[in-house]
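Asks: Sequence first, predicted model second:
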Amino acid sequence: MKWKKLFTDFLKCFNPNTYHGLTAKPLTTVVNQFLFNISFLFIIMIILLLILSPSIGKQIDSIESSFETFDIDYNISMQHAVTVLSHPMITIDKTQKHTGEFMLINGSDINYMQFYYFGKANIPLSDFESLNENSAKILKIIIYLMLPSLIILYFIALLVKYLILTLVLGTIYFLFIHLLKQSINYMKLIKIGLFISVFSLIIDTIVLPFIRLPIVSIILFAVIYLVTSVLTADRSFSDHKEHIASKKIKKKPKYSEPDDFIEMK
């Protein structure tokens, strides 16, 4: 079963001794495994966040209670549209209709995308008529509205982060290994980086709800990637020499004795 195989190879990623077999697979298979690894760990992170959601809610409540006054007048008067952010697109325009922006505040609604690019939703500004009585709750609502998009953005950021780290460090380590007069295939080195990222991804996902260690994850990735690459290069180089030696043509002996003897009666 495909999923069972992906999970089995996910566990193998924690054992660098298995990388010779893992890196022998096609690049598309390795990339699929990398996507499975990051998705699987990301799901665990979301489960942990849901378990910790009561404490997260208390933190948001504490933000709300920090405001003595938070008065907002939602009557908008403006000469032209204002773009608050370009990525993601957040716009304030009294006359514009929602056409796909991440968030659009017009004269009547707060329009937003529930899942970054998908799921249009809106909140009428009239819902905040009693805002002076419960003023800071709008901040709490905005935070909750942004959570799904922030999660998706974080997933994309991790994906890009480790792809870039693998390509950049893989190129540097490739040159470094050849300076050591050892041999390793560049594509094999890239595959090792995608597999080895599982160690740092744990810090960026499962550990994240408890403590944030972004620099530690990068350092860990760089160190483990380097050590594994050098060790793999040693074996690769040794295997390469043995392979060349096995191809040498053995010289035939000058004289050979017959294999069978004829018994004379």
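Replies: Received the coordinates, thanks.
Asks: quick one: low-confidence ranges for this protein?
Replies: Counting by pLDDT under 70, the chain contains low-confidence residues at 1, 53-89, 94-100, 107, 114-119, 125-144, 234-265.
Asks: Quick one: the helices in it, in order.
Replies: 2-12, 19-22, 27-51, 53-65, 137-179, 186-204, 214-246 (DSSP state H).
Asks: quick one, the third one and helix 2-12 angle?
Replies: Put simply, helix 27-51 runs at 80 degrees to helix 2-12, going by axes from the mean of the first three to the mean of the last three Cα atoms, to 10 degrees.
Asks: Tell me which of the helices of the chain sits nearest to E101.
Replies: Smallest distance to E101 across these (Cβ to Cβ): 11.9 Å, for helix 137-179. Bear in mind the C-beta positions are built from the backbone N, C-alpha and C, glycine included.
Asks: so what secondary structure elements neighbour that closest one?
Replies: Judged by 3 or more Cβ pairs under 8 Å, 6 or more residues apart in numbering; DSSP states H and E, the packing partners of helix 137-179 are helix 27-51, helix 53-65, strand 109-115, helix 186-204, helix 214-246.
Asks: Compute the inter-axis angle for the first one and helix 137-179.
Replies: What that stands for is helix 27-51. Computed by the same axes, to 10 degrees, the angle separating helix 27-51 from helix 137-179 equals 150 degrees.
Asks: of all the helices and strands packed on helix 137-179, which gets the most neighbours per residue?
Replies: The highest average neighbour count among the helices and strands packed on helix 137-179, using mean count of other Cβ atoms under 10 Å, belongs to helix 186-204 at a mean of 22.
Asks: Thought V198 was touching L220, still the case?
Replies: No - with contact defined as Cβ atoms under 8 Å, L220 does not count as touching V198 (11.0 Å).
Asks: of all the helices of the chain, which lies closest to D109?
Replies: Closest of those to D109 is helix 137-179, at 12.7 Å (criterion: Cβ to Cβ).
Asks: What angle do helix 186-204 and the closest one make with each other?
Replies: Using the same axes, to 10 degrees: helix 137-179 against helix 186-204 is 150 degrees.
Asks: Quick check, F14 in contact with S197.
Replies: No - contact status for F14 versus S197: not in contact, 11.7 Å apart, counting by Cβ under 8 Å.
Asks: ok, so what distance separates F210 from L49?
Replies: As judged by Cβ to Cβ, to the nearest Å, F210 and L49 stand 11 Å apart.
Asks: circling back to that earlier point, and the helices and strands packed on helix 137-179: which comes nearest L153?
Replies: Relative to L153, the nearest member of these by Cβ to Cβ is strand 109-115, separated by 10.8 Å.
Asks: Next, the angle helix 137-179 makes with that closest one.
Replies: If you take the same axes, to 10 degrees, strand 109-115 sits at 40 degrees to helix 137-179.
Asks: so what does strand 109-115 touch, helix or strand wise?
Replies: By 3+ Cβ pairs under 8 Å, 6+ apart, strand 109-115 packs against strand 103-105, strand 118-124, helix 137-179.
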